[in-house]
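Peer 1: Fold the following.
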Amino acid sequence: MTVASALIPARPERIWPYVADCANYMHHMPKVTKSSASDVQLQPNFGSGQMKCTVTADLPWPLSDLTGTTQVTLTVDKEKNVWRREWHLIEGDYHYQEGTWTLVPIDEGAATWVIYRLRAKPKIMLPDALVSGAQKRVIPEMMRRLRERATAP
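Peer 2: Numbers count the residues shown, from 1 in each chain. As a prediction, this is how the structure comes out:
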């Protein structure tokens, strides 16, 4: 399991669209070349609900890109300060893929702890340590992009 967190000086409402909207991951997540959402059943503005997400991750040559379709559950409960995106694999180029994004407002909502958890094993012949290392190298860039977008004027 890969776990990472970052403090972003923005309200959860500013971060949530980038975490929840997998159809646009190709525009703001590193190494994502294609992304789409289907069977979307959400409250307005990416509130609570469910959807299926298909995401293609770019791998270096000579490896093939990896595509996975996941079932996603979004939970937004502003009274309880819960902002959570959970997913698990339906089909794709992984033996398993599951994880969560959790947003925790702090300083009366002026900032947010962003917690990312991922457990994934692609169907490629690479040692687990290399796969885990690659995931860990992408995470700082992912958090940097979230911070930039959420704090942009």
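
Peer 1: what's the neighbour count on Leu7?
Peer 2: 14 (other C-beta atoms under 10 Å). Any C-beta I mention is one placed from the backbone N, CA and C, and that applies to glycine too.

Peer 1: Can you name the residues that contact it?
Peer 2: Under the criterion of C-beta atoms under 8 Å, 6 or more residues apart in numbering, the contact list for Leu7 reads Ile106, Ala111, Thr112, Trp113, Val114.

Peer 1: And Ala37, by the same measure?
Peer 2: The contact partners of Ala37, by C-beta under 8 Å, 6+ apart, come to Asp21, Cys22, Ala23, Met51, Lys52, Cys53, Thr54.

Peer 1: can you do 7 Å?
Peer 2: Cys22, Ala23, Met51, Lys52, Cys53 (C-beta atoms under 7 Å, 6 or more residues apart in numbering).

Peer 1: Go through the one helix or strand it maps to and flag the buried ones.
Peer 2: Element membership of Ala37, judged by DSSP states H and E, is strand 32-42. By 16 or more other C-beta atoms under 10 Å, the buried positions in strand 32-42 come out as Val32, Ser35, Ala37, Leu42.
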